[in-house]
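Q: Sequence first, then the predicted structure, then my questions.
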Amino acid sequence: MLVSIIIVNYNVKYFLEQCLNSVLSATATIEAEVFVVDNNSIDGSLPYLEPKFPTVHFIANKHNYGFAKANNIALQYCNGKYILYLNPDTIIGENCIEHCVQFFKTNANCGGVGIRMIDGSGNFLPESKRAFPSPRASFFKLTGLANIFPHSKLFNQYALGHLDEYKNHEVDVLAGAFLMSPRHIIEACKGFDEIFFMYGEDIDLSYRIQKAGYKNYYLSSTSIIHFKGESLKKGTSNHVKMFYGAMGKFVLKHFGKSKGALFANGIRLAIFLRAIVAFLKRGFKKLGLQMLDAVTIVASLFVLEKWWIHFERDGQPFTQPSEPYFIVGFAFIYLIAAALSGMYDKLYKPTKAIWASFIGIVVMIAAYSLLPESQRFSRGVIIIGGLLAGVLVTASRWGFVTLGFIEKQNDDSTIKQTVIVGSTQEFKSATEIFKKAGLQERIVGRVALGKDANAAIGNLHQLHLLIVSMQIEEVVFCQGTLTYYQIIQTIQTLPRHISYRFIGKNTSSIVGSDSNATTGETFTAEGFYQINQSYHKRMKYLVDVCTSLIILLGFPVHLVLLKNSKQAFKDAFSVLLNNKSWVGYCTNHWHLPKIKIGVLSCYGLRTQTAHPLNHDALQKLDTLYAKNYEFWQDVHLLLRNYKNLGG
């Protein structure tokens, strides 16, 4: 056996599907074995993947043991001359394993190799080549100086920014996303050190390989795609803590308590400062924009009120006591309407800002009409001020996008301009997945390969021109006629601001990621589920909360009308604590989007009640509920089964 490949999976089944497909393509002409260690995934990875890849050895852990221990579990079964540790969110070229093996054969002192990695948009990933995490290097990385001076030998010494990414180099650290080493060296090092749960284990192993008298090399002759971000979101305080905490463990282990303690204390301070920055950044995105919008709305109404007094009332001020309440009330209604419409999920959406203004105007005019004549504030200020507020909020959001403070994002339902690169049959297969995802309207056409130009809008050589001239926002590459190596090479020559997706031959998912800081997007043959969208999640939660409050606040009435009011009140508290939902699935499914356990099933009975329908019928009901979810379904179901809410 030449190569043993170990992949640790945790809830990334679609990315792993594409990864395994690329691995099998890369090992088609060499003797290899593939092990997948599943760390107790809850997304149905094993039932989904095992039938698709019968030659792969799957190992199911009953707990999430972390990256290091999971790899060591598979290592004991390996028979290959070389061990390749590979992340599940990678796509490798057909020639990369052979390149690495050949390098070992011609460099006797080589103990381990890493490879040039790019993200899903074709950008080089600097962690492909790294130095050991000295206190100074870690400080420059934590403070962001490494990002400001990416090619500096001083400030970016951790990522060896001064070394040419297109040349082979001797390096200190190999990335665990793709780390290859002779099995006898790995066994001599006893694999990964299990004190590292996630992060740091590759640095530690790289260090021990060097201590054993070997050298580590970064190879630039071929590249792989590493989507990143699939198991833990980058940039969060938890990620910062885990990453730099692992650096502290490494220094403490290898450089003694005195130096390690000093480094650890410095790291703790840096983590604290970095966590504050991350908290403030997230806080601004979550609450800062709402606060800014509130100030903008109140200010616009206040300015318009003064203008109205000066020009329309000849300087006569308003004397109604309701005046400040209307201004603050409008801002409150606006923010609620904006939040419910999803304006704060997608940070730039002009129509939602105007729609929120319209809702605010309607509600305030309705309230206005209920007041006595002597208490009524100016309708003109409400209507014109409300419209002005919507325009100013839209203008401020456009300014933030223009200055780069926030990114312009499209809703999942936005019709993107998408082209599919592949043969006629590959185009049909990819299109079918788009149809099942409810996104077929995105597809502009097929980009042909070579002479296969029937019913195509252009060929591969014209792809760059098509992207620019047709304003293409998304490109799907089909592997089959095109090799993974060709696809990886091609995306590096194309614009980086658009989305690239990938589908392997005989796979049933399309994966991609727009940057190394974002989790990936997947389209699958399993279909598109409305219940998984942000708007529908929010509306379902709103129905749950409102229903619970109605039951709890209307205690005397429900005590008489409900058959089992005591249980209904318990359920209401459980829903408010977000432990349950009022409506859930009839049965358990790993392939459907996860929602809270329901008090009622989407069939209408309590979840503990035996259903008259068989299991297959209930599964279909659940699938239809998830695919076509609208919050009115829950409302209708709750009203229809009101008396039986308590059982």
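A: Right, received. Where do you want to start? Residues are numbered from 1 along each chain as shown.
Q: quick one, strands of the stretch 351-500 of the chain?
A: Under the criterion DSSP state E, counting those that start in this stretch, the stretch 351-500 of the chain carries strands at the ranges 418-421, 443-448, 458-459, 474-478, 499-503.
Q: Identify the neighbouring strands of the shortest one in the sheet and state each direction.
A: Spelled out, it's strand 458-459. strand 443-448 (parallel) (DSSP bridges).
Q: buried sites along the partner strand?
A: Neighbour-count burial for strand 443-448 flags Ile443, Val444, Gly445, Arg446, Val447, Ala448 (criterion: 16 or more other Cβ atoms under 10 Å). To be clear about C-beta, it is placed using only N, CA and C from the backbone, and glycine gets the same treatment.
Q: Could you tell me which ranges of the stretch 351-500 of the chain sit under the pLDDT cut-off?
A: 403-415 (pLDDT under 70).
Q: State which strand of the chain is the longest.
A: strand 215-226 (DSSP state E).
Q: Tell me the buried residues in it?
A: Residues Asn216, Tyr217, Tyr218, Leu219, Ser220, Thr222, Ser223, Ile224, Ile225, His226 are the ones in strand 215-226 that count as buried (16+ other Cβ under 10 Å).
Q: Hmm, Gly176 and the last one touching each other?
A: Just to be clear, that refers to His226. No. Look at His226 against Gly176 with Cβ atoms under 8 Å: they stay out of range, at 10.6 Å.
Q: Pull up the overlap in contacts between the two.
A: Residues touching both His226 and Gly176 by Cβ atoms under 8 Å, 6 or more residues apart in numbering: Asn87.
Q: thinking again about what came up before, tell me which of the buried residues of strand 443-448 is nearest to Gln489?
A: Val447 (15.7 Å; Cβ to Cβ).
Q: So what sits opposite the closest one in the bridge?
A: With DSSP bridges as the rule, Val447 is bridged to Val421, Gly458.
Q: List the residues that contact it.
A: 419-422, 456-460, 462-463, 466, 475.
Q: For Tyr529, state which of those residues is nearest.
A: Ile420 (22.7 Å).
Q: Need the buried residues of strand 215-226 in TSV (columns: distance to Tyr529 and pLDDT).
A: Below are the buried residues of strand 215-226 laid out as TSV (distance: Cβ to Cβ, whole Å; pLDDT from 0 to 100):
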residue	distance to Tyr529	pLDDT
Asn216	44	96
Tyr217	45	97
Tyr218	42	96
Leu219	41	96
Ser220	42	93
Thr222	38	89
Ser223	34	94
Ile224	31	96
Ile225	27	95
His226	28	94
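Q: The stretch 301-450 of the chain: helices as residue ranges?
A: Counting by DSSP state H, counting those that start in this stretch, the stretch 301-450 of the chain has helices at residues 323-341, 350-370, 379-403, 424-436.
Q: measure Asn72 to Leu304 for me?
A: Relative to Leu304, Asn72 is positioned 68 Å away (Cβ to Cβ, to the nearest Å).
Q: Distance check, the closest residue to Gln462 other than its chain neighbours against Ser25.
A: Sequence neighbours aside, Val447 is the residue nearest to Gln462 in space, at 7.6 Å (criterion: Cβ to Cβ, 6 or more residues apart in numbering). Look at Val447 and Ser25: by Cβ to Cβ, they are 21 Å apart.
Q: who wins for proximity to Ile30 among the helices of the stretch 301-450 of the chain?
A: helix 424-436 (25.6 Å).
Q: What are the buried residues along that closest one?
A: Here helix 424-436 shows Glu426, Phe427, Ser429, Ala430, Ile433, Phe434, Lys436 as buried, counting by 16+ other Cβ under 10 Å.
Q: Tell me the gap between that helix and the middle of its chain.
A: 24 Å (Cα atoms, centre = their mean, to the nearest Å).
Q: before we move on, what about stretch 298-307?
A: 41 Å.
Q: before we move on, what about stretch 320-327?
A: 44 Å.
Q: got a list of contacts for that stretch?
A: So stretch 320-327 is contacted by 298, 301-302, 305, 364, 367-368, 371, 374-377, 382 (Cβ under 8 Å, 6+ apart).
Q: what's near enough to touch Ile597?
A: Asn579, Lys580, Ser581, Gly584, Thr607 are the contacts of Ile597 under Cβ under 8 Å, 6+ apart.
Q: can you rerun that using 6 Å?
A: Lys580, Gly584 (Cβ atoms under 6 Å, 6 or more residues apart in numbering).
Q: same thing with Met1?
A: Here Met1 is in contact with Glu31, Asn79, Gly80 (Cβ under 6 Å, 6+ apart).
Q: Report how many residues lie close to the second one.
A: The one in question is Asn79. 11 (other Cβ atoms under 10 Å).
Q: is it true that Ile510 lies in a strand?
A: Yes. Ile510 forms part of a strand when assessed by DSSP: H, G, I helix; E, B strand; the rest coil.
Q: Count the residues that sit near it.
A: Counted with other Cβ under 10 Å, Ile510 comes out at 26.
Q: For it, list each beta-bridge partner.
A: Phe523.
Q: That one contacts Ile503, correct?
A: Yes. If you go by Cβ atoms under 6 Å, Ile510 and Ile503 touch, sitting 4.6 Å apart.
Q: Please report how far Glu323 lies from Val362.
A: When distance is defined by Cβ to Cβ, Glu323 is 19 Å away from Val362.
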